[in-house]
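Chemist: heads up, no residue letters with this:
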């Protein structure tokens, strides 16, 4: 039995806590959140203990591993505290918004032989895994181009935007991780363009962009395109296309069921897209947690590393640099 | 906590037992199966108790409800035994292959105010529920025609065929229940045709048909078509179409993920169909069990009745009569 | 150059005349229609001659072949007149509504070695031809079941209904021809059911049915299901499914383009179905005429025979008999 | 009757000549090609005259308009000769591979009030027109992002590559025209990346790239991504996606029919893509010619201008500059 505490009882913490509770090889020892009754409510639902202090929760003897789902600016401290106490960690992305701080944390984790997994949930989505399996199995030969579409259903609140680190570090970072994972080679060149098309006033106020495109090239010439928008009125749009020398594979958006409706107004209409990431990636979050628990139970390597978190952030920084300077940037 | 025992540790019993174990509002008290180590193996996996005697298991004081997944010819005895001991029952279809015996059992259950739910799992499939929801919500107006496709991936063994009661009672019975549930009216007329196209020799030997079509009409003139085949080389084919006065709804076969592959040989190829009913209807089995447990916990009416089981069997008998006599048969 | 006259300048005559005019191997010599300016208008558009008398038009020396698109009750007389004058004929279905009259006409055509092609346009639809090609090529092995969906977008006027011969002879007849062509064997048994669900009052007044299902069986046990409705609010619904021993093939409804629209209200919405038969089967009508012209030019056998017309009508009559008698009818 | 001569009897000339011949409002006066029997063969098929000298053919009194389908390096001379003789022109793209020469030609055409239409056939594809109609009708609000996929089925011969002007001027130029037409604003910034992934040796030899991505931005921040590859083993891949503020529209690849095949090996398999541009854009070529003929007959503005040809070439040049310099380039 892997004994796990979840730090943070917000929307992502709730998902992780439930997935721990439902995994037969793990026990949800505690949920810690300093704010209000969030931890208490969640713990009550899942027959677990509640705590207000994440730091003390990390230190509990009956805790083998912690899941960090707290605000981004607390990640590094909690992460390193856990590593120093010999606890395995599943840490939400990003490790931190500042690359220097991330670099320092990654180095410290390495020095301490810390066991830390970065929570890039999309790598665990069944359809994404099938894409990767197809690549690994040689089903499409050598990868040539990756096309990533990732559009959110609607603008987040201004407060969220102000602390998000900007669209590249907040939103594109997932796609940049996908790009690395699916290209099979590190990007060496980034160029990005952006616009303020959804809410120009708000975007100017927060000095950010709501609509962007990023282009990546690897040393051997493989290419990746990413498009993002903070608002797609038709829902959370998540699609991948991998084009290779002997074929291509695509995945599609998910919907509740396969039902199609035909009426006078429209034919062959499917149900709305699963909205938003908590629903769309529900299976991915579960599989991610199962992989984390399995790796701990079997003392096996963790499937996503702090280095992966660092590289995705680096690419996000380079994309912003490219956009601001109007030039292609080497990585 | 609803305390449940599962009778029968074959493939369907294993599904039910696991779904009981995963439902947070229920406890799997015991698994009973007189044959070999089936119950012991299953109970070990699910941290439950094993037993060899279903009858004694029913009688346990710490059992509130039983799930009957034993061979068909034991259903009536176990069912009535459970009802007489005040236990709620989820019983696999069919209640029995003989309509007279079913009628007697249904009457006895009614006399004793027994709480018995028939396990027509397809009613709980998310896409089927969405079809029914669309009908109930008036999305397609008045139902006019229902088209049901149900083809198995391959012939079962001869032994299974000999004890199955024939294709109509074994296979079509599910579709006949779907027809009743989706037409919204009782069929009053049945005509069926059949062929021995997959394995004529075997079918002659067991005096059965491997490929059939059934046509149903209700009093108001609504119509249903069912087609079945014991072998579809491309997999387990399960599709429904409801055509109404203001629209139509369809569901589709299920696949592991949304991934599509494009190669020199074929483009836009999806993954194979989920195969066979245990995979295709995994969500349905879970929802069925959850509905059973919820109804017991809340002392609410059970969502599928013994009468439903009786009516589907009656229609299956009428279909066989129609085929043999070469005529349309009134119900 | 094959010199052709088109008899009848109604909607079907206009289609045929245009297809003659656009075929480089044929000349549209004349269009004949006794009513008003229909022939004159059409002839003017297509740089042809207009006539009021179909009989005299048949007799013209510069006419090699005639296309009969006049009202059904004139078909036999015109057809036999043309045959007696040695003209090839493309005749719209049905030859006549009375089977006895059809039998007599077919016998007379045979006696005179007449060259007559029945206009079952669907056999020439590119997707239907591809289904048949797949069957002939052995792509799906031995045919087991054929499922035919054919629903019109809306009720025709009462006057049309009164002279139509009833739904089986007017609408199902196309599907019965498809059944024969795709089953690869003659049906030996028919059972039909029907309802008055679209407009019960009108249907009672004209003593017809607006919603029907037909089931066919061949001697070897192959099966076909047909469903028809006079009104599908979502458009002209034309689908075929052929299920065989090593696979299945389906076709789909046609739309103007492949464009799909995603909005807040609905995602992945395709354009409306091609509506009605003149649009849906535009390619089929053209290919049918090309096949007729090619066969005449090369003195080759005509691809659809009067016997095909007779058999489809026979099955339509049997379907009506089955519905009225409430029994399965042998053919 | 618009009297047209087609210059060039290669594969594109043959398409144009046939489309002229089939248009009832035009006459194909002559086909001119200096090489071998190409013109004679084509003219014979289409009941037209053959000529060896394009220049003299332009000068014929009975020619109102010419279609230029000769090698690229002859375009400017023939084009200007025709304009000087008062003939309308449909000219294949590109006008020339050298921007300076194109600029001079465009200026001369303007000075002479020449009537010249550039043959960007994709603008006339029915699905592309439907995308543009949706944009114009406001169906998707303000355009935000355009995603263009354009991959050829296989590498052209080395000779073709050497005289093609490179992938951007030869292949991407179509997509750059699409981008301008669908974005609704001129791109102001271009960045391109490329690789030699299909045949590195050949690409080095001809100093070209076989796999590229291009990113465009307009002044208001609208964005476009283009991906190209000289080889997609699954066929000619032509897809567009327009994402706007209130919705999105997509088109799909075309196939011969809607038929889908289900077998043991793969389910729901559609027919292969239409291959190559002559088949895929057959309808577009016809509609393009019809639009040219209509505009001449009605003395209306031609729907694609020499300026459009110049702008697409400019963007192609900028893309190459961006790729070579590794930077974003202003237009």
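Modeler: Received it, and whenever you're ready, just let me know what you need. Worth saying up front: this structure is predicted, and the values here are computed from it rather than measured.
Chemist: Only C-alpha atoms from now on, for both contacts and neighbour counts.
Modeler: OK.
Chemist: Kindly report the residues of the stretch 151-300 of chain A close to chain C.
Modeler: Neighbours of chain C within the stretch 151-300 of chain A, by Cα under 8 Å from any Cα of the partner chain: A:233-235, A:262-273.
Chemist: Try it again at 6 Å.
Modeler: Within the stretch 151-300 of chain A, the positions adjacent to chain C are A:233, A:234, A:262, A:263, A:264, A:269 by Cα under 6 Å from any Cα of the partner chain.
Chemist: What about those residues, which one has the most neighbours?
Modeler: residue A:234 (25 neighbours; other Cα atoms under 10 Å in any protein chain shown).
Chemist: before we move on, back to that, how about the residues of the stretch 151-300 of chain A next to chain C, which pair is most distant?
Modeler: Taking Cα to Cα as the measure, those span a maximum distance of 23.0 Å, between A:233 and A:264.
Chemist: For the longest helix along chain A, name the packing helices and strands.
Modeler: Scanning chain A for the longest helix, with DSSP state H as the assignment, gives helix A:306-325. In terms of contacts (3 or more Cα pairs under 6 Å, 6 or more residues apart in numbering or on different chains; DSSP states H and E), helix A:306-325 is packed against helix A:173-183, strand A:187-195.
Chemist: Quick check: which of these is nearest to residue D:293?
Modeler: Per Cα to Cα, nearest to residue D:293 of the helices and strands packed on helix A:306-325: strand A:187-195, 40.9 Å.
Chemist: Now the residue of chain A most remote from its centre: closest residue in space, sequence neighbours ignored.
Modeler: No residue in chain A sits farther from the centre than residue A:264, which is 40.8 Å out by Cα atoms, centre = their mean. The shortest distance from residue A:264 to any non-neighbouring residue, by Cα to Cα, 6 or more residues apart in numbering or on different chains, is to residue C:234 (4.4 Å).
Chemist: Let me know whether that neighbour touches residue A:265 as I believe.
Modeler: No - Residue C:234 is beyond contact range of residue A:265, at 7.3 Å (criterion: Cα atoms under 6 Å).
Chemist: Whichever helix or strand comes after the longest helix of chain A packs against which elements?
Modeler: Next along the chain after helix A:306-325, taking DSSP states H and E as the criterion, comes strand A:329-330. In terms of contacts (3+ Cα pairs under 6 Å, 6+ apart), strand A:329-330 is packed against strand A:187-195.
Chemist: thinking in terms of the whole chain, how far from its middle is the strand it packs on?
Modeler: Distance of strand A:187-195 from the chain centroid (Cα atoms, centre = their mean, to the nearest Å) equals 20 Å.
Chemist: Do any residues in that strand lie close to chain D?
Modeler: Yes - applying Cα under 6 Å from any Cα, one finds strand A:187-195 touching chain D at residue A:195.
Chemist: That strand pairs with which strands?
Modeler: strand A:211-218 (antiparallel), strand A:329-330 (antiparallel) (DSSP bridges).
Chemist: now what about that strand, what contacts it?
Modeler: Residues from elsewhere that reach strand A:187-195, judged by Cα atoms under 6 Å, 6 or more residues apart in numbering or on different chains: A:209, A:211-218, A:319, A:322-323, A:328-331, D:221.
Chemist: cool, and stretch A:316-326?
Modeler: For stretch A:316-326, using Cα under 6 Å, 6+ apart, the contacting residues are A:168, A:169, A:173, A:191, A:192, A:193, A:328, A:329.
Chemist: So which residues of the stretch 201-331 of chain A form strands?
Modeler: Using DSSP state E, counting those that start in this stretch, the strands of the stretch 201-331 of chain A run over A:211-218, A:223-229, A:237-244, A:247-250, A:260-263, A:269-270, A:329-330.
Chemist: ok, the third one: who's next to it in the sheet?
Modeler: Just to be clear, that refers to strand A:237-244. Applying DSSP bridges, strand A:237-244 is found paired with strand A:143-151 (antiparallel), strand A:247-250 (antiparallel).
Chemist: how about TSV for those, with mean neighbour count added?
Modeler: Shown next, in TSV, are the strands paired with strand A:237-244 (neighbours: other Cα atoms under 10 Å in any protein chain shown):
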stretch	mean neighbour count
strand A:143-151	23
strand A:247-250	26
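Chemist: Export those strands to TSV and append columns for mean pLDDT and distance to residue B:228.
Modeler: Output for the strands paired with strand A:237-244, formatted as TSV (pLDDT from 0 to 100; distance: least, Cα to Cα, whole Å):
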stretch	mean pLDDT	distance to residue B:228
strand A:143-151	98	41
strand A:247-250	98	33
